[in-house]
Each structure stands twice: as C-alpha cells, then as structure tokens.
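K.L.:
from the sequence below, what's the structure:
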Amino acid sequence: MSIEWGTISLTGAITTALNAIVFGFWKPWAAGYSAEKSKNFARKEDLAEILAEVRAVTVTQKEIETKLSGEQWDRQTRWNQKRDLYGDLLTIGQDLGSALGRIPSILKMQADDRPNFKATGNKNLSECLDAVSEGTSAFNKKLMLAMIFMMPESVTALKAFIHARIGSYSPTLEWASSEAAKYNTLVSALLSLARKDLNIE
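P.N.:
All right, here's what the predicted structure looks like:
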C-alpha cells in the first residue's frame, strides 16, 4: 500500500481547519460554560460556609435572647416583689399610724365617767389594740422580705424604725402618740425611698 502524502496532508489540513472552526465556534461557549460551572461550584462552597456561619450566629443569638429574657424576667420579678412590699408596708404603716392616732381620743372617752362613754371607749380601745396587734404582726412579716428585696437605704430606715419602737402595747396617751408619729414618719420616708428604689421619680 502506498501512502500518498498529498492526501494525508490534505486530510490533515482539512481536519486541522475543521478542528479550528469547531474549537473557534465552541471555545467561547466552553469557556463561558466552564467559568459558570466554576462560579456555581464556588457559590456552593461559599453557601455552605455562609450557612454554617448563619447557623452559628443563630445559635448564639438564641442563647443571648434566652439569657436576656431570663435576666429581664428576674429583674421584673424583683421589681414586682419590691413594689408589692412597699405597697404593703406603706398601707400597713398608714393603718397602724391611724389606729394609734385614734387611741388618745379613745382614752379620753374611756376616762369619762358617763357610762355610755366609758363602755364605748373600752370597746373602741379593745378593737384598736387588736388592730394594732394584727397590723404589727403583718408589718413584721413584711419586714423580713424587705430585708431581702429592698435597697440598702430602705433597709436602713426600717432597721432604725424597729430599734426606735417601744416593745410593749401600754395604752397610754404618750405611747400611742409616740408610736403613731413613728409610723407616720416611716410612711413618709418609705414613700420617697420607694420612688427611688422603683425608679418612679
């Protein structure tokens, strides 16, 4: 078999020309296709990294939200407890001051020789002293919680009040007047301290 070099050359030239035409035609498309494919692959890798970061940020955000909501709940609960304590102590203190303030007029009524006045005075004094006893008991129970929840200035005022009180309930004019004045002074002090402690100023 004889090989004709002219035919091979022509075939080679045609093949080369056809390859050049095909590659020339497909080259922009192939370059665009491979560039787009590599962009998609890079996006998928970037997206995987971004998703991992978003998940980490979301977990951190949820932890922070949980911590903050827990702290907010704790702060609100403490504030509510303080508000209730101030309200109770102010109410009880006001009631005790009022009851003690009635005792001097009741004692005068009781000292009157007229039978109706004396009987009414005895009854009113008994009711008033019962109210003072019950109120003092309720006040003392609230004092224990106040020592836990209230600000130091309020606790100091309450401790000073406790030390200034006379321990016995002797129904005398001096005792009743003194105790009523102490409760009224405490109520005034607690009112301003409550505004400060509860940030209501």
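K.L.:
what are the phi and psi values for Arg195?
P.N.:
Per-residue torsions, Arg195: phi -60, psi -40 (degrees, to the nearest 10).
K.L.:
any idea how far Asp95 is from it?
P.N.:
Note on Arg195: its distance to Asp95, by Cβ to Cβ, to the nearest Å, is 21 Å. C-betas here are computed from N, CA, C, even on glycine.
K.L.:
from what I can see Ala194 touches Leu186, true?
P.N.:
No. Under the criterion of Cβ atoms under 8 Å, Ala194 is not in contact with Leu186, lying 11.7 Å apart.
K.L.:
Arg83 contacts Asp197, doesn't it?
P.N.:
No. Arg83 is beyond contact range of Asp197, at 9.2 Å (criterion: Cβ under 8 Å).
K.L.:
list the buried ones in stretch 115-127?
P.N.:
By 16 or more other Cβ atoms under 10 Å, the buried positions in stretch 115-127 come out as 121, 124-125.
K.L.:
turn those into CSV, columns for secondary structure, pLDDT and distance to Ile64.
P.N.:
Listed next are the buried residues of stretch 115-127 as CSV, based on DSSP: H, G, I helix; E, B strand; the rest coil; pLDDT from 0 to 100; distance: Cβ to Cβ, whole Å:
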residue, secondary structure, pLDDT, distance to Ile64
Gly121, helix, 85, 67
Asn124, helix, 89, 62
Leu125, helix, 88, 62
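K.L.:
looking at those, which is nearest Val54?
P.N.:
Nearest to Val54 among those is Asn124, at 75.1 Å by Cβ to Cβ.
K.L.:
give me the distance between that closest one and Ala99.
P.N.:
From Asn124 over to Ala99 the distance is 10 Å, taken as Cβ to Cβ.
K.L.:
coming back round to it: higher neighbour count, Arg195 and Asp95?
P.N.:
Asp95 (18 against 12; other Cβ atoms under 10 Å).
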